[in-house]
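Q: Pasting the sequence and the predicted model now:
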Amino acid sequence: MKAPISLAVMSVTGAIGMLFCTVASAQSNNTAAAQPDQPQGLEERFLDTSADPCVNFFQYACGNFAKYHPIPSDRSGYGTGTMVFEHNEYVLHTMLDNAAAGGAQRTSNQQKIGDYYAACMDTAAIDRKNLRPFQAELDRIAALKDKRELTALLGHYQLINVNAFLGLGEQQDFKEASKQIAVTDQGGLGLPERDYYFRSGDAAEKTRKQYVEHITNTLRLIGESDSEAESDAHSIFQLETALAKDSMDVTSRREPKNVYHLMAVEDLQKLTPRLDWARFLSESEFPSVTEINVTNPGFFKTLNSLLDSTDLKTIKAYLRWQLMASADSTALPKALDDEMFDFTRHKLRGQPEQQPRWKRCVQATDGALGEALGQVYAAQEFPPSSKAATLQMVHDIENAMGQDLDALDWMSPETKLRAKAKLHAIADKIGYPDQWRDYSKLLVQRDDPYGNAERAAIFENLRQIAKIGKPVDRHEWGMSPPTVNAYYSPSMNDINFPAGILQPPFYDPKSADAENYGHIGGIIGHELTHGFDDQGRQFDGNGNLSDWWTADDGKKFEEKADCTVKEYSNFVAVDDAKVNGKLTLGENTADNGGLRLAFIAFLADAKRKNIDLDQKQDGFTPIQQFFLGHGQSWCGSTRPEQLRLQVQTDPHSPREFRVNGVVQNMPEFGRAFGCKTGQPMMPQNACRVW
Ligand SMILES: [Zn+2]
């Protein structure tokens, strides 16, 4: 349940406004790891000076990036964030090789991360065991005699991250953030998103055909005959399509009230008589609860009738498929691993080759033991001076938001006061947690990669479940320290910047202040603005979903946001696939507001330091350096398949529009580069919310 539910809860709660899409877990075979190229502050060689910054600033700031860094064959895209990610991956790899080398003097955490990694790397042993690690689960499915026995099995599945039919997890109560409650969510789909089952057009039809072939191949690899696998795959696809029919799409799920229906468990029992909820919860090791957030009641009604009408043979085939598709791919024998790669990474994302094994195992270890690994990483890579400097910048940008609120001409004094109260209540979390997670109860064995992954999943799920009914831990982190990402949580009302993103070029102690404000300043401003985007603004300073806006101010906000929706909806990502302005509204609002806040903070800092804003350094004025810093945060290119997937599932706009969409809304940019009103980067009508 952890992986899917924390995902669900994040997009459900919009709890996590991520800056990057998680960089794909990709893979290939062992190639020697060369120290990757680490980018420095502003890279002049990436500039395309033949381009006009007033026509296409992304091209100007990043046009030569791909000459130095074409997309490698083991990736679906490559950019500034990937470079930082690869640097961190290299550092973690060295750490894990040392920990894996063993020795009696290893600490408990070193034993765990070293043996987890070593077990993952031992592909010969994984192939020798073949399907044996899955046999007990497959036997359990085969032994099902009656649909009534399903409840217990589905409960067990929640613990090992198999979200067949539905998901179960915990969240902070939207309306009472100090309370932690159970949540159950729609689930059970194998395609990336609900609309994949229904969208028309050649690309969508091709994907569905490939998906059915992928299910067929998987079932064949676990022992079904060709004809049986083919017929099961069609039944499974029909069942998933029926589940998808009343599943909520990714855009609707961004609206908090759409995914919040707190219900008495006995009412949920009436809604879905086919599932024994008391049994389901106890098999998932939940404490006894009387209420639960049912994200999408309509889905559960449909689920109940599908459990009624679907024959046991189809259900069993579906469970076999879900079990295999949910498994940690690094624990799969080669043929199955290759099949999973072929559909999920190659066909869906255009990635030509699997990543080297060591990269996949570094990521798997970070996923399972992130704070054990992160403790060593943070000590080595994130000096106290970086922590102090970035914290100072966070404070500067929070002050900038206070000034920005004061200056807004459309908001009433009443709402401004409440916005400021929320701003002052935001907690800043920088680098790594104050208290580290205790993994002593998690058993890691050097010869048991499948068992390690399963035990890590159960360990994490039990940790999540244990929160229900307890006070909220305000020190908890939702990302590991090496993560190249950041987030805002509306229920916690906190902004979180792992050490992994506070690295060059985003934050470079050797760079000009202007560049750092454009890079990491924009990112800090982005997370802060999430507290005030279309989702975040619905939560108050205590993290509760409650409307603190006057009706008139709320209406004005929506009109301004609508300008952003229309602006981004016109951007074409690839062929016929455009950016979804509604799905990306929160992220676009955060990108635009974030850079404006960073700009205000940068000007204040320059004034404090008596910096001459007209004096060029290395060919650029400080204001130009600021915008170039922002532009170069998003350098890179993306394969067309990945771009299509991104605009259909990801609330973040493609990199080009994260640059151009923002600067074209800032007349300060046009002035700095001498653009004329009416040029693409300096349109007549700019959009501005914050
Ligand atoms: Zn974001």
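A: Okay, I see it.
Q: isn't Y487 right up against W477?
A: No - applying C-beta atoms under 8 Å as the test, Y487 and W477 come out as separate, 9.5 Å apart. Every C-beta, even on glycine, is put in place using the N, C-alpha and C of the backbone.
Q: residues shared between the contacts of these two?
A: N496 (C-beta atoms under 8 Å, 6 or more residues apart in numbering).
Q: so who does A51 touch?
A: Q59, Y60, G63.
Q: ranking those residues by neighbours, who comes first?
A: Among those, Y60 has the most neighbours (other C-beta atoms under 10 Å), with 23 neighbours.
Q: Stretch 650-666 and the ion, are they touching?
A: No - residues of stretch 650-666 are not located near the ion by C-beta under 5 Å from the ion, the shortest gap being 6.8 Å.
Q: Report whether L243 is found in a strand, as I expect.
A: No - assessed with DSSP: H, G, I helix; E, B strand; the rest coil, L243 is helix; it does not lie in a strand.
Q: who touches it in this structure?
A: L243 neighbours (C-beta under 8 Å, 6+ apart): F165, Q186, G188, L189, F299, T302, L303, L306.
Q: how does it look with 10 Å?
A: 165-166, 186-189, 194, 197, 299, 302-303, 306, 318 (C-beta atoms under 10 Å, 6 or more residues apart in numbering).
Q: Report the rounded mean pLDDT for stretch 321-338.
A: Across stretch 321-338, the average pLDDT comes to 97.
Q: okay, that stretch in CSV with CA atoms only?
A: The C-alpha trace of stretch 321-338 is given here as CSV (Å, rounded to 0.1, in the frame of the first residue of the first chain):
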residue,chain,number,x,y,z
TRP,A,321,-1.1,-10.4,-13.1
GLN,A,322,-1.3,-7.7,-10.3
LEU,A,323,1.1,-9.7,-8.1
MET,A,324,3.8,-9.8,-10.8
ALA,A,325,3.3,-6.3,-12.1
SER,A,326,3.6,-4.9,-8.5
ALA,A,327,6.8,-6.8,-7.7
ASP,A,328,10.0,-4.8,-7.2
SER,A,329,11.5,-5.3,-10.7
THR,A,330,15.1,-5.8,-9.3
ALA,A,331,13.9,-9.0,-7.6
LEU,A,332,12.5,-10.5,-10.8
PRO,A,333,14.3,-13.2,-12.9
LYS,A,334,15.7,-11.8,-16.1
ALA,A,335,13.0,-12.8,-18.6
LEU,A,336,10.3,-11.2,-16.5
ASP,A,337,12.4,-8.2,-15.7
ASP,A,338,13.1,-7.7,-19.4
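Q: got the buried residues for that stretch?
A: With burial defined by 16 or more other C-beta atoms under 10 Å, the residues of stretch 321-338 counted as buried are 321-333, 336-338.
Q: State the number of residues packed around V572.
A: Neighbour tally, V572, other C-beta under 10 Å: 12.
Q: Against P482, how distant is it?
A: Per C-beta to C-beta, to the nearest Å, V572 is found 35 Å from P482.
Q: ditto for D448
A: 25 Å.
Q: neighbour-wise, which of the two wins?
A: P482 (27 against 19).
Q: what pLDDT does the more buried one get?
A: Value listed for P482 in the pLDDT field: 95.
Q: what's the answer for M10, then?
A: 31.
Q: Now for the residue in the stretch 151-300 of the chain that the ion sits nearest to, how many residues are close by?
A: Per C-beta to the ion, R254 is where the stretch 151-300 of the chain lies closest to the ion, at 11.9 Å. Neighbour count of R254, defined by other C-beta under 10 Å: 22.
Q: export the contacts of A51 to CSV and tack on pLDDT and distance to the ion?
A: Putting the contacts of A51 into CSV (pLDDT from 0 to 100; distance: C-beta to the ion, whole Å) gives the following:
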residue, pLDDT, distance to the ion
Q59, 98, 24
Y60, 98, 24
G63, 98, 25
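Q: Tell me which entries of those lie within helices.
A: Among those, the residues falling in helices (DSSP state H) are Q59, Y60.
Q: where along the stretch 201-350 of the chain do the strands fall?
A: Assigned by DSSP state E, counting those that start in this stretch, the stretch 201-350 of the chain shows strands spanning 262-264, 291-294.
Q: How about residues contacting the last one?
A: Just to be clear, that refers to strand 291-294. Outside strand 291-294, the residues that reach it (C-beta under 10 Å, 6+ apart) are 9, 12-13, 168-171, 173-174, 179, 181-186, 259-268, 271-272, 277, 281, 286, 300, 468.
Q: now do 7 Å
A: Applying C-beta atoms under 7 Å, 6 or more residues apart in numbering, the external contacts of strand 291-294 come out as 171, 181-184, 260-265, 268, 300.
Q: For Y90, give its distance to S329.
A: Y90 is 22 Å from S329, by C-beta to C-beta.
Q: nope, L221 is what I meant
A: When L221 is compared with S329 (using C-beta to C-beta), they lie 13 Å apart.
Q: go on, I430?
A: 33 Å.
Q: just for the stretch 201-350 of the chain, where's the confidence low?
A: The stretch 201-350 of the chain contains no residues with pLDDT under 70.
Q: let me fix that: the stretch 501-650 of the chain
A: In the stretch 501-650 of the chain (pLDDT under 70), no residue qualifies.
Q: picking that back up, of the contacts of strand 291-294, just the buried ones, PyMOL syntax please.
A: Listed next is the PyMOL selection for buried residues among those, using 16+ other C-beta under 10 Å:
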select buried, resi 171+181+182+183+184+260+261+263+265+268+300
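Q: With distance to the ion as new columns, can the contacts of strand 291-294 be given to me in TSV?
A: Formatted as TSV, these follow (distance: C-beta to the ion, whole Å):
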residue	distance to the ion
Q171	19
I181	25
A182	27
V183	22
T184	26
Y260	21
H261	26
L262	27
M263	30
A264	35
V265	34
L268	32
F300	30
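Q: closest to A242 among the contacts of strand 291-294?
A: F300 (13.6 Å; C-beta to C-beta).
Q: Might you report the residue contacts of the closest one?
A: L271, T272, V294.
Q: how much space between S385 and A604?
A: The value you get for S385 to A604, if C-beta to C-beta is used, is 22 Å.
Q: More neighbours: those two, which one.
A: Taking other C-beta under 10 Å, S385 and A604 do not tie; A604 has more neighbours (15 against 9).
Q: is it true that the more buried one lies in a strand?
A: No - A604 is assigned helix when assessed by three-state DSSP, not a strand.
Q: Strands of this protein, residue ranges please.
A: 77-79, 166-172, 180-186, 262-264, 291-294, 427-431, 487-489, 494-498, 572-574, 577-578, 636-638 (DSSP state E).
Q: Could I get the ones you listed in JSON lines, plus columns for distance to G586?
A: Output for the strands of the chain, formatted as JSON lines (distance: least, C-beta to C-beta, whole Å):
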{"stretch": "strand 77-79", "distance to G586": "21"}
{"stretch": "strand 166-172", "distance to G586": "18"}
{"stretch": "strand 180-186", "distance to G586": "20"}
{"stretch": "strand 262-264", "distance to G586": "23"}
{"stretch": "strand 291-294", "distance to G586": "21"}
{"stretch": "strand 427-431", "distance to G586": "20"}
{"stretch": "strand 487-489", "distance to G586": "10"}
{"stretch": "strand 494-498", "distance to G586": "15"}
{"stretch": "strand 572-574", "distance to G586": "18"}
{"stretch": "strand 577-578", "distance to G586": "18"}
{"stretch": "strand 636-638", "distance to G586": "21"}
